[in-house]
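Enquirer: Just a sequence and a predicted model for now, questions to come.
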2 protein chains.
Amino acid sequence: MSATEQKIIDSASEIFLKKGKDGARMQEIADHAGINKALLFYYFRSKDRLFEEVFKNEVKTIITNIIDAISETDNFYDFLTQFVRTYLKFITPRRTLMRFIFWEISKTRGTITSYFWEVFNQRGYNENPIVSKIKHAIDSGQIRPVNPEHLILSLLGMCIFPLMAAPLIEDILRYKINLDDPAFLKKREKVIVDLIWNGVKPE
Amino acid sequence: MSATEQKIIDSASEIFLKKGKDGARMQEIADHAGINKALLFYYFRSKDRLFEEVFKNEVKTIITNIIDAISETDNFYDFLTQFVRTYLKFITPRRTLMRFIFWEISKTRGTITSYFWEVFNQRGYNENPIVSKIKHAIDSGQIRPVNPEHLILSLLGMCIFPLMAAPLIEDILRYKINLDDPAFLKKREKVIVDLIWNGVKPE
DNA sequence: GTCTATACATCGATAGAC
DNA sequence: GTCTATCGATGTATAGAC
């Protein structure tokens, strides 16, 4: 990829993430990239295609990092701790990206799924790796038999929601939740791990 | 409010929620309301003002229903069960609304907070009512001393996240999560209540 | 209040010089 | 590959008749 193309992608990502597909302007993207508007069309033919390119990149970034947050350990508690820590660390500075994905998701649906499986297959998984971890932990008696899908929903929900609601929650609770404060993040990590572990640990 | 004005608000809500502020078109709203485009401007002067009106309504709807999901009971477990059930029932058919709020939130921030406190004050609360419930439960020894803010983040996260991620999760997990299936909702309710209660119940 | 017609700005996209 | 200039479509908003 040429340097110009890279500059365009970078700028487009920033603008699209902030304003969404509809809110973003090709002129703004061009300005931000320090090039002319016509060049955007030379490289990407249309706004739709440029958006698609950006969207694909960003989704794959998230997927890759979800997978990377899965450690190799066989111990479920270790896996849990590692996952929450790594994942929180990755998404915290990427609030905008998360919001963007969840917003644009409603319009693109099917496409995203294929990106997921593309990355999964690249890594040699033929089942969702988190589901595998949970199943394995159940089979080996490390945790009680629980519904893996619901567990994932709870886990991800607790990680992601605070990010997306943070500016609001901060105000409404009249409570300083500063996502960029490591102390909050550490506390959040502990709360999530404790709650989940409490719910799944064997008697 | 005149019948026409009401029709406009209703139509505008539907379109804005689905396409966002930038994606929505005044023509489409007018068509949907069965009136002429010029009439939109007669009543609301501009797209911005119409959007603001719609946004305020929708946010207040959510806030009101969060509050209504809080039962009068003193028993924390009952409160928890009631809250999750009522809240899940309310938001499940309103996925679009939730997505919309979280997306548009980033641009409007401060405004929303004032809506919250407006409704809180109307109901005579001078503290966040959920925080009050939790504090009271701690003081009366019904639950262990936990951080109320983190508890709320966990609770709401587990309720809201599945909604926003549902179409995706459904595909990725190769698992039929049908939000409109009462069985899923019931199971989800149980999972959330159990997990939270497990984490807060006294020794 | 409600309509038709239209002004005015801006957007995505293209043509063509270099 | 990169630019300037511009087209055509479409968007918000207004004027003015009824």
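Expert: Structure received.
Enquirer: going forward, measure contacts between C-alpha atoms and count neighbours the same way
Expert: OK.
Enquirer: show me the residues around the spatially most central residue of chain A that make contact.
Expert: Residue closest to the mean C-alpha point of chain A, counted by CA atoms, centre = their mean, is A:Ile62 at 4.1 Å. By CA atoms under 8 Å, 6 or more residues apart in numbering or on different chains, the contact set of A:Ile62 is empty.
Enquirer: quick one: what helix or strand has it in it?
Expert: Assigned by DSSP states H and E, A:Ile62 falls within helix A:47-68.
Enquirer: how about the residues of chain A near DNA strand D?
Expert: With the criterion set to CA under 7 Å from any atom of the strand, chain A comes near DNA strand D through A:Ser2, A:Thr4, A:Gly34, A:Ile35, A:Asn36, A:Lys37, A:Ala38, A:Leu39, A:Tyr42.
Enquirer: just those now: which is nearest DNA strand C?
Expert: Nearest to DNA strand C among those: A:Ala38, at 4.1 Å, using CA to the nearest atom of the strand.
Enquirer: Report the buried residues of the helix or strand hosting that closest one.
Expert: A:Ala38 is part of helix A:37-44 when elements are defined by DSSP H and E. By neighbour count on 16 or more other CA atoms under 10 Å in any protein chain shown, the buried set for helix A:37-44 is A:Leu40, A:Phe44.
Enquirer: same thing with stretch A:17-36?
Expert: Result for stretch A:17-36 [16+ other CA under 10 Å]: buried residues A:Leu17, A:Lys18, A:Lys19, A:Gly20, A:Lys21, A:Ala24, A:Arg25, A:Met26, A:Ile29, A:Ala30, A:His32, A:Ala33.
Enquirer: what does stretch A:2-9 give?
Expert: Within stretch A:2-9, the residues that count as buried by 16+ other CA under 10 Å are A:Lys7, A:Ile8, A:Ile9.
Enquirer: Next, the distance between the ends of stretch A:102-118.
Expert: With CA to CA, to the nearest Å applied, stretch A:102-118 spans 20 Å between its terminal residues.
Enquirer: Which positions within it qualify as buried?
Expert: By neighbour count on 16+ other CA under 10 Å, the buried set for stretch A:102-118 is A:Phe102, A:Trp103, A:Glu104, A:Ile105, A:Ser106, A:Ile112, A:Thr113, A:Tyr115, A:Phe116, A:Trp117.
Enquirer: Let me know the pLDDT of the last one.
Expert: Just to be clear, that refers to A:Trp117. On pLDDT, A:Trp117 comes in at 87.
Enquirer: Tabulate the buried residues of stretch A:102-118 (TSV), appending distance to A:Ile192 and secondary structure.
Expert: Converted to TSV, the buried residues of stretch A:102-118 look like this (distance: CA to CA, whole Å; DSSP: H, G, I helix; E, B strand; the rest coil):
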residue	distance to A:Ile192	secondary structure
A:Phe102	22	helix
A:Trp103	25	helix
A:Glu104	27	helix
A:Ile105	26	helix
A:Ser106	28	helix
A:Ile112	27	helix
A:Thr113	27	helix
A:Tyr115	28	helix
A:Phe116	25	helix
A:Trp117	27	helix
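Enquirer: Tell me which two of these sit farthest apart.
Expert: Spanning the widest gap among the buried residues of stretch A:102-118 are A:Trp103 and A:Trp117, at 20.9 Å by CA to CA.
Enquirer: just to revisit the earlier point, and the helix or strand that the helix holding A:Ile62 is followed by, which residues are buried?
Expert: Sequence-wise, the next helix or strand downstream of helix A:47-68 (DSSP H and E) is helix A:76-91. Using 16+ other CA under 10 Å as the burial criterion, the residues of helix A:76-91 that qualify are A:76-77, A:79-89, A:91.
Enquirer: Among those, which one sits closest to A:Ser46?
Expert: Among those, and counting by CA to CA, the member closest to A:Ser46 is A:Ile91, at 29.8 Å.
Enquirer: Close to DNA strand C: what parts of chain A are there?
Expert: Residues of chain A lying close to DNA strand C by CA under 7 Å from any atom of the strand are A:Ala24, A:Arg25, A:Met26, A:Gln27, A:Lys37, A:Ala38, A:Phe41, A:Tyr42, A:Arg45, A:Ser46, A:Lys47, A:Asp48.
Enquirer: wait, the fourth one sits on A:Lys37?
Expert: Yes. Counting by CA atoms under 8 Å, a contact exists between A:Gln27 and A:Lys37, whose distance comes to 5.8 Å.
Enquirer: Adding pLDDT and distance to A:Pro145, write the residues of chain A next to DNA strand D out as JSON lines.
Expert: JSON lines is the format used below for the residues of chain A next to DNA strand D (pLDDT from 0 to 100; distance: CA to CA, whole Å):
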{"residue": "A:Ser2", "pLDDT": "96", "distance to A:Pro145": "52"}
{"residue": "A:Thr4", "pLDDT": "98", "distance to A:Pro145": "53"}
{"residue": "A:Gly34", "pLDDT": "98", "distance to A:Pro145": "56"}
{"residue": "A:Ile35", "pLDDT": "98", "distance to A:Pro145": "57"}
{"residue": "A:Asn36", "pLDDT": "98", "distance to A:Pro145": "58"}
{"residue": "A:Lys37", "pLDDT": "98", "distance to A:Pro145": "57"}
{"residue": "A:Ala38", "pLDDT": "98", "distance to A:Pro145": "58"}
{"residue": "A:Leu39", "pLDDT": "98", "distance to A:Pro145": "56"}
{"residue": "A:Tyr42", "pLDDT": "98", "distance to A:Pro145": "56"}
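Enquirer: and chain B, which of those contact it?
Expert: Taking CA under 8 Å from any CA of the partner chain as the test, chain B is in contact with none of these.
Enquirer: Let me have those residues in JSON lines, adding distance to B:Ser71 as columns.
Expert: As requested, those are exported to JSON lines (distance: CA to CA, whole Å):
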{"residue": "A:Ser2", "distance to B:Ser71": "61"}
{"residue": "A:Thr4", "distance to B:Ser71": "59"}
{"residue": "A:Gly34", "distance to B:Ser71": "57"}
{"residue": "A:Ile35", "distance to B:Ser71": "58"}
{"residue": "A:Asn36", "distance to B:Ser71": "59"}
{"residue": "A:Lys37", "distance to B:Ser71": "57"}
{"residue": "A:Ala38", "distance to B:Ser71": "59"}
{"residue": "A:Leu39", "distance to B:Ser71": "59"}
{"residue": "A:Tyr42", "distance to B:Ser71": "60"}
